[in-house]
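Trainee: okay, predicted coordinates and the sequence, questions at the end:
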Amino acid sequence: AQSVAQPEDQVNVAEGNPLTVKCTYSVSGNPYLFWYVQYPNRGLQFLLKYITGDNLVKGSYGFEAEFNKSQTSFHLKKPSALVSDSALYFCAVRDGSGGYNKLIFGAGTRLAVHP
Amino acid sequence: EAGVAQSPRYKIIEKRQSVAFWCNPISGHATLYWYQQILGQGPKLLIQFQNNGVVDDSQLPKDRFSAERLKGVDSTLKIQPAKLEDSAVYLCASSFDGRNTIYFGEGSWLTVV
């Protein structure tokens, strides 16, 4: 079965510093990986996805993610964090078993950016 | 382009009462999903529709939850009777054909007291 793990419940970073939110995956076949962000009292917003090709994927709001096949990881990164980046971040993997695609989510990582 | 619309945004009910949530997906999207997000957890798929047919409802508690998408457009998720553990955010999402990016609505926040 497809799954993702987010090993950190919370990540704290100072504004202006680089940030990394970790995600590891376990899949059979080629992985299709996603990052979503959830702001307080809001739904999930799509940030970026990896399907194939370049291992460095660029997304919305200055975020990027690095796909690493040997380490089965898909970490979310941003060179310089903003206070407004504080939110809940979810990594997800596409599960196509049964012939129809759905997303399997990790438990989420809360990012806190301090001024 | 309008996003996924959900209503109501917030609902508080007593246990054993019933509640219904409505979702209108992005225009032209054939695939519609209902996810349940309990506080502190990632979203979990409850049911997936392809047009007006159910393709995955393996994690839907069918003794109390039901969902329909009669005309292949908007959808309703119902809970009857509600339990305390049903307190969660119910997220509706849609995708053009299930192979493309999945877009989520703002969610319907349910509190059962």
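Mentor: Nice, I can see it.
Trainee: so where's chain B uncertain?
Mentor: B:1 (pLDDT under 70).
Trainee: by proximity to chain B, which residue of chain A wins?
Mentor: residue A:105 (3.4 Å; C-beta to the nearest C-beta). (Glycine included, C-beta is placed from N, CA and C.)
Trainee: and that residue, bridged to which residues?
Mentor: Beta-bridge pairing of residue A:105 under DSSP bridges involves residue A:92.
Trainee: likewise the one 4 residues further on?
Mentor: Per DSSP bridges, residues listed as beta-bridge partners of residue A:109: residue A:89.
Trainee: what does chain A have sitting close to chain B?
Mentor: Contact residues (C-beta under 8 Å from any C-beta of the partner chain) of chain A with chain B: A:34, A:36, A:41-46, A:49, A:90, A:92, A:98-108.
Trainee: so residue B:86 touches residue B:79, yeah?
Mentor: Yes. Between residue B:86 and residue B:79 there is a contact at 5.7 Å, judged by C-beta atoms under 8 Å.
Trainee: quick check: closest non-adjacent residue to residue A:17.
Mentor: residue A:81 (5.8 Å; C-beta to C-beta, 6 or more residues apart in numbering or on different chains).
Trainee: which phi and psi does the one you found have?
Mentor: phi -80, psi 150 (degrees, to the nearest 10).
Trainee: these two touch, right, it and residue A:113?
Mentor: Yes. If you go by C-beta under 8 Å, residue A:81 and residue A:113 touch, sitting 4.6 Å apart.
Trainee: now do the shared contacts for these two.
Mentor: Listed contacts common to residue A:81 and residue A:113 are A:13, A:14, A:15, A:19; contacts here mean C-beta atoms under 8 Å, 6 or more residues apart in numbering or on different chains.
Trainee: okay if I get the residues you listed as JSON lines plus pLDDT, neighbour count and distance to residue B:4?
Mentor: Below are the shared contacts of residue A:81 and residue A:113 laid out as JSON lines (pLDDT from 0 to 100; neighbours: other C-beta atoms under 10 Å in any protein chain shown; distance: C-beta to C-beta, whole Å):
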{"residue": "A:13", "pLDDT": "98", "neighbour count": "19", "distance to residue B:4": "31"}
{"residue": "A:14", "pLDDT": "98", "neighbour count": "11", "distance to residue B:4": "35"}
{"residue": "A:15", "pLDDT": "98", "neighbour count": "15", "distance to residue B:4": "32"}
{"residue": "A:19", "pLDDT": "97", "neighbour count": "21", "distance to residue B:4": "28"}
